[in-house]
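K.L.:
give me a model of this one.
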Amino acid sequence: MKIGILKDRNRFGHKNKGGTDTYIHLLVETLEDVNAYYSILNERNAKENVDLYLGFKSQSFREDIGDYAAHEAKTKSETRALLMQLDFKETKTSLLEYCQMSDNVVSRKILSFIEYIEKGKVIRVNHKGGYCFVDGSEDYDELFEPTTEQLESFIRKGDLDKPEINLTKEVLVVENSDYLSSDFEELLKVKSFVDYDTIFNLKETLRFLTDDEIVKVFVKAVNNGLKIICFETTGQDLHQLKKMEILLTRVKYITEKDISLLIKTYRRSVIDTFKDNFNLISYEK
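P.N.:
Model (predicted):
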């Protein structure tokens, strides 16, 4: 099972409503994936049925659980399918009937998954549980296998848990790996940068944030006193660096404050990417 992150909604024909939205799909590719998906979905569905019943009992003016569900239920795809069935029902719905109908909706969804997996298709599931069948993995900006926690978060809540990033110091050091090289640490000491915030595994840490959310993190950091951002790069991923330049330029525009960069690199193209809009403290050849 994989998760695909898409930055441009228009790539799949989704009209962008404005702003920059991160669009996330779960890709179910094998029968083992279907089983893992069903295990979490079935548990979530059972919990929602219990929550719905307790909520129904708390509203004495509601006489029918179907009426309560139509006004109070969450907008998951399984719930919407169930509400459509309740609309055509001429008699009041008991709790037992509701739970049986709810379980049947989930079962039919999973049977549909199995049918198309056996035909060689891949199921693409969106954040609300809606799905379609495709021939293979699409061209996502990023495609990765989720952890158990990420998978449960997506199926249960329709989202991936986003990191809490709170930057309060004048200097920030960012790194794509989970450690700083000894040479870079020495350079930081030479520049007297000994008290700083860090973001390790930068790409992975920010992958679930929209561009607007990333900008908000850094706007808050600059307003908290951030003045210098330090990083080391081989310069091989110029696309990522250009995106970083664009987002930090937005931060400068919003805060109306300068940001200085300490860059350790061996590629002049990296410096060319940032030199027009930022004060560069160091460039090492």
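
K.L.:
could you list the domains of this protein?
P.N.:
2-157, 171-283 (automatic domain parsing).

K.L.:
ok, which of the ones you listed comes nearest residue 165?
P.N.:
domain 171-283 (5.0 Å; Cβ to Cβ). Backbone N, C-alpha and C define where each C-beta goes, glycine included.

K.L.:
which residues of the protein fall in helices?
P.N.:
With helices called from DSSP state H, the chain shows them at 31-58, 65-72, 77-87, 95-118, 148-157, 182-190, 202-206, 211-223, 238-255, 268-274.

K.L.:
could you list the low-pLDDT ranges of this structure?
P.N.:
Within the chain, the ranges that satisfy pLDDT under 70 run 7-22, 60-91, 93-95, 137-138, 282-285.

K.L.:
OK, contacts around the residue nearest the centre of the chain?
P.N.:
Residue closest to the average C-alpha location in the chain (Cα atoms, centre = their mean): residue 208, at 3.3 Å. When contacts are counted by Cβ atoms under 8 Å, 6 or more residues apart in numbering, residue 208 touches 5, 22, 24, 160-163.

K.L.:
as a markdown table, the residues you listed with distance to residue 140 would be great.
P.N.:
Formatted as a markdown table, the contacts of residue 208 follow (distance: Cβ to Cβ, whole Å):
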| residue | distance to residue 140 |
| --- | --- |
| 5 | 6 |
| 22 | 11 |
| 24 | 9 |
| 160 | 14 |
| 161 | 19 |
| 162 | 18 |
| 163 | 20 |
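
K.L.:
so which of those sit within strands?
P.N.:
Among those, the ones falling in strands (DSSP state E) are 5, 24.

K.L.:
and the contacts of residue 208, which is closest to residue 241?
P.N.:
Among those, and counting by Cβ to Cβ, the member closest to residue 241 is residue 5, at 18.8 Å.

K.L.:
present the helices of the chain as CSV; the columns should include distance to residue 1 and mean neighbour count.
P.N.:
Putting the helices of the chain into CSV (distance: least, Cβ to Cβ, whole Å; neighbours: other Cβ atoms under 10 Å) gives the following:
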stretch, distance to residue 1, mean neighbour count
helix 31-58, 4, 15
helix 65-72, 30, 18
helix 77-87, 18, 16
helix 95-118, 12, 15
helix 148-157, 7, 16
helix 182-190, 36, 13
helix 202-206, 18, 15
helix 211-223, 25, 18
helix 238-255, 26, 16
helix 268-274, 36, 16
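
K.L.:
for residue 141, find the nearest of these.
P.N.:
helix 238-255 (10.1 Å).

K.L.:
for residue 34, what are its contacts?
P.N.:
By Cβ under 8 Å, 6+ apart, the contact list for residue 34 reads 28, 110, 113-114, 117, 123.

K.L.:
ok, residue 222 next?
P.N.:
251, 255, 257, 259.

K.L.:
alright, that wraps it up for me.
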